[in-house]
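Visitor: Sequence and computational prediction follow.
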Amino acid sequence: MALCLLGRVIHPLRRNLSVSPKGPSSMEVVTFRTTGRQRPRQFSTSSLKQNFKENYNNNSNPQQSKFGSRLRYALRNTKVEWYPIPVGVGIGLLGLLHFYRTRRNEKRLQEKEALGEVWENEQPLPRRRRIRPSGPWQVQIMSTLPLKAMSRLWGRFNELPLPYYLRVPGFKLYSWFFGVNLNEVAEPDLHTYPNLASFFYRKLKPGVRPLDPDTRAVLSPADGRILQFGLIERGEVEQVKGVTYSLDALLGAATPSHADHSKKFMDHMREPTQKDTENMIADEEFARMNGISYTLPKLLAGGSSPQHETSLDASTSSEKASEALVKADLARGDGTPWYAPKPTSNNALYYVVIYLAPGDYHRFHSPVPWVVESRRHFAGELYSVSPYLQRHLPGLFTLNERVVLLGRWRWGFFSYTPVGATNVGSIKVNFDSELRTNSLTTDTAADMAAAEAAKRGEEYHGFVEATYRHASRTLGGHPLQRGEEMGGFQLGSSIVLVFEAPVGSRKSFDTGWSGGAREGGWNWSIEKGQRIKVGEKIGYVDV
């Protein structure tokens, strides 16, 4: 009606209108003069449009507007009414909810019983005692942070797929910041890496890491920096100058409380096949070429039938406390550590620590031909292994989560320990499908093992052990060639090698010794702080 009335008023006075040649705009003023004595009036078209918009919004149908407007209209104008329900229906609903919760709790209890996780009075699973490290205030603050949860979250973030158009600039920026040599990457097209995790675990081109031709040498297992190396004296490993930690704390005790033997290794009860015979021949050749001791298994001769037992079992249950004390006393033996060289050999223990930065090649390789006999997984903490923290946190490698691979090589004992660190997603071992690191499952299993050991009155050794002795019937472990890829981890971390090697010899006073260093034996070829790559020489045995 307002528009119609306006049209009627303006139409007779069309000749007196003063309009701009370009046409009226939204803020333009239209002026006209009436024939009466009234004073000239001015009307604004913008005010007319605003009034029209308000009237339209007030009178428009909500079904013709957007969903948000209709929802607000319905919530504002709909009356809420409550209807009573019968008491019996309400009681029945509460009963159904209680029945559902009861069945759910029973199902969870059955699952826990199947896994052996049920505790008296259904109390919460006791947690392992955390070790609070000593050090400056930075270390104290770091010890209060949930580093393992943060590392798991970071691992999930690294697995998120990146947009296709951001992969090349993102990976090039990362490479520039951390010093990654993209010319060595096996796959030059960076679009093929869907996320950061796949780029961290990248492969290298064949031939970019040649192995040192000296067959007497121990090779570097990874790209990184030499942090520390030397001779192990009195069972102590030097972390930095003046700070040591026990080798027992790093590698574990002599006798584990439990061993998790994987089914794929427990094949000693089946009959040998033609393939087993071929594998034995290959393993024997491997052992002879690399000077590794081995024994022929009795399986080729066939299994012997067990003899009939005629004696009676007259034993009674012993006291747990007495059993624990006697077991600990027997484990000590003559006081010689289980990893120590034999007294009759002229060998000693040596160690080297290699730090991998975030920009380094993250896969690790075998430094020598050796046989891995067992694996120990320590579900520890995840402190940073940066050189700064190594100087200020004593026993860092004994606190962090780590995987200790134990075995033997030509000269005796050999251990290979990848150590986890903050934001390290996982430690992978190619020949161990059962290994899970930085996982809630392994942490819970470690808590259970600690609680069960406390229940029996035993000391918790801090690790779960698995064996590889049935991977090779001849060698009693998993054989690894020189330079063979063993596994890897996400982001940067460290590797600790502890191995037995001959000590150099020198003449006695009776034969004319006049001073000087020993001749022969183990010789180092590295320096502290040196950058090193896979396949380069760490040292060699001069025999």
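Guide: The structure has been received and is ready for your questions. Numbers count the residues shown, from 1 in each chain.

Visitor: And stretch 466-483, what's buried?
Guide: Neighbour counts over stretch 466-483 (16 or more other CB atoms under 10 Å) mark 466-480, 482-483 as buried. (Glycine included, C-beta is placed from N, CA and C.)

Visitor: Next, Arg469: phi, psi?
Guide: phi -70, psi -20 (degrees, to the nearest 10).

Visitor: Just confirm it contacts Ser374, I think it does.
Guide: Yes - using CB atoms under 8 Å, Arg469 is in contact with Ser374, at 7.5 Å.

Visitor: Quickly list what's touching both of the two.
Guide: Residues touching both Arg469 and Ser374 by CB atoms under 8 Å, 6 or more residues apart in numbering: Gly477.

Visitor: how long is stretch 209-219 end to end?
Guide: For stretch 209-219, the first and last residues are 11 Å from each other (CA to CA, to the nearest Å).

Visitor: which of the residues in it are buried?
Guide: For stretch 209-219, by 16+ other CB under 10 Å, it's Arg209, Asp212, Ala217, Val218, Leu219.

Visitor: which residues touch the third one?
Guide: Okay, so that is Ala217. Ser525, Lys537, Ile538, Gly539, Tyr540.

Visitor: what does the second one give?
Guide: Residues near Asp212 by CB under 8 Å, 6+ apart: Leu219, Gly535, Glu536, Lys537.

Visitor: before we move on, which element is the second one in?
Guide: Gly535 is part of no helix or strand when elements are defined by DSSP states H and E.

Visitor: what's the neighbour count on it?
Guide: 19 (other CB atoms under 10 Å).

Visitor: picking up where we left off before, give the PyMOL command for selecting the buried subset of the contacts of Ala217.
Guide: Provided next is the PyMOL selection string for whichever of these are buried by 16+ other CB under 10 Å:
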select buried, resi 537+538+539+540
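
Visitor: Report the two members of the contacts of Ala217 separated by the largest distance.
Guide: Ile538 and Tyr540 (8.4 Å; CB to CB).

Visitor: Need the overlap of contacts for those two.
Guide: Ala217, Val218, Ser525.

Visitor: What values do phi and psi take at the second one?
Guide: Right, the one you point to is Val218. Per-residue torsions, Val218: phi -100, psi 120 (degrees, to the nearest 10).

Visitor: what sits against it?
Guide: Pro367, Val368, Leu497, Phe499, Lys537, Ile538, Gly539, Tyr540.

Visitor: ditto for the last one
Guide: Ser525 makes contact with Ala217, Lys537, Ile538, Gly539, Tyr540, according to CB under 8 Å, 6+ apart.

Visitor: Nearest residue to the third one in space, ignoring adjacent ones along the chain?
Guide: Nearest non-adjacent residue to Ile538, counting by CB to CB, 6 or more residues apart in numbering: Val218, 4.8 Å away.

Visitor: ok, which stretches of the stretch 301-450 of the chain are helices?
Guide: 320-332, 387-392, 396-399, 440-456 (DSSP state H, counting those that start in this stretch).

Visitor: Lys203 touches Glu184, doesn't it?
Guide: No - using CB under 8 Å, Lys203 is not in contact with Glu184, being 9.7 Å away.

Visitor: Which one's more surrounded, those two?
Guide: Glu184 (16 against 13).

Visitor: That one against Val208, yeah?
Guide: Yes - look at Glu184 against Val208 with CB under 8 Å: they come within range, at 4.7 Å.

Visitor: Common neighbours of those two, please.
Guide: Counting by CB under 8 Å, 6+ apart, nothing touches both Glu184 and Val208.

Visitor: re earlier: now tabulate the contacts of Ser525 in JSON lines and tack on secondary structure and pLDDT.
Guide: JSON lines is the format used below for those (DSSP: H, G, I helix; E, B strand; the rest coil; pLDDT from 0 to 100):
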{"residue": "Ala217", "secondary structure": "strand", "pLDDT": "92"}
{"residue": "Lys537", "secondary structure": "strand", "pLDDT": "94"}
{"residue": "Ile538", "secondary structure": "strand", "pLDDT": "95"}
{"residue": "Gly539", "secondary structure": "strand", "pLDDT": "93"}
{"residue": "Tyr540", "secondary structure": "strand", "pLDDT": "93"}
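
Visitor: now for the residues you listed, which pair is the farthest apart?
Guide: Ile538 and Tyr540 (8.4 Å).

Visitor: Could you tell me whether Gly230 really is in a helix?
Guide: No - under the criterion used here (DSSP: H, G, I helix; E, B strand; the rest coil), Gly230 is strand, not part of a helix.

Visitor: Now for it: which residues touch it?
Guide: Taking CB under 8 Å, 6+ apart, one finds Glu238, Tyr350, Tyr351 in contact with Gly230.

Visitor: and the gap between it and Asn158?
Guide: Distance, Gly230 to Asn158, using CB to CB, to the nearest Å: 35 Å.

Visitor: that older thread, which members of the buried residues of stretch 209-219 are the farthest-apart pair?
Guide: Most distant of the buried residues of stretch 209-219, by CB to CB, are Arg209 and Val218, 15.5 Å apart.

Visitor: Looking at the contacts of Gly230, which is nearest Val87?
Guide: Tyr351 (76.6 Å).

Visitor: Quick check: bridge partners of the closest residue to that closest one other than its chain neighbours?
Guide: Sequence neighbours aside, Val498 is the residue nearest to Tyr351 in space, at 4.8 Å (criterion: CB to CB, 6+ apart). When bridges are called by DSSP bridges, Val498 pairs up with Tyr351, Ser415.

Visitor: Make 45 the starting number, not 1.
Guide: In the new count, where the first residue is 45, that last one comes out as Val542.

Visitor: Tell me how many other residues crowd Val542.
Guide: Neighbours of Val542 using other CB under 10 Å come to 22.

Visitor: my read: it touches Gly456, true?
Guide: No - if you go by CB under 8 Å, Val542 and Gly456 don't touch, sitting 11.2 Å apart.

Visitor: Pull the contacting residues for the residue lying closest to Asn225 once chain neighbours are set aside.
Guide: The shortest distance from Asn225 to any non-neighbouring residue, by CB to CB, 6+ apart, is to Ser219 (7.9 Å). Counting by CB under 8 Å, 6+ apart, Ser219 touches Asn225, Leu226, Gly403.

Visitor: where's the first one relative to Phe533, distance?
Guide: What it means is Asn225. 20 Å.

Visitor: So if I had to pick from those two, which one is more boxed in?
Guide: Shown here are Asn225 and Phe533; by other CB under 10 Å, Phe533 has more neighbours (28 against 11).

Visitor: Without its sequence neighbours, what residue ends up closest to the more buried one?
Guide: Phe533 sits nearest to Ile471 (CB to CB, 6+ apart), 4.6 Å away.

Visitor: Count residues in the vicinity of that neighbour, would you?
Guide: 24.

Visitor: That one touches Ser483, doesn't it?
Guide: No - distance between Ile471 and Ser483: 10.8 Å, which falls outside the contact criterion (CB under 8 Å).

Visitor: residue boundaries of the helices in the stretch 95-244 of the chain?
Guide: 111-121, 131-159, 181-187, 191-202, 208-222, 240-244.

Visitor: Please identify which of the buried residues of stretch 253-263 is nearest to Leu440.
Guide: Closest to Leu440, out of all of those and judged by CB to CB, is Val262, at 23.6 Å.

Visitor: Tell me what that closest one is bridged to.
Guide: Gly583.

Visitor: distance of it from Glu544?
Guide: 11 Å.

Visitor: Give me the common contacts of the two.
Guide: With CB under 8 Å, 6+ apart, Val262 and Glu544 have no common neighbours.
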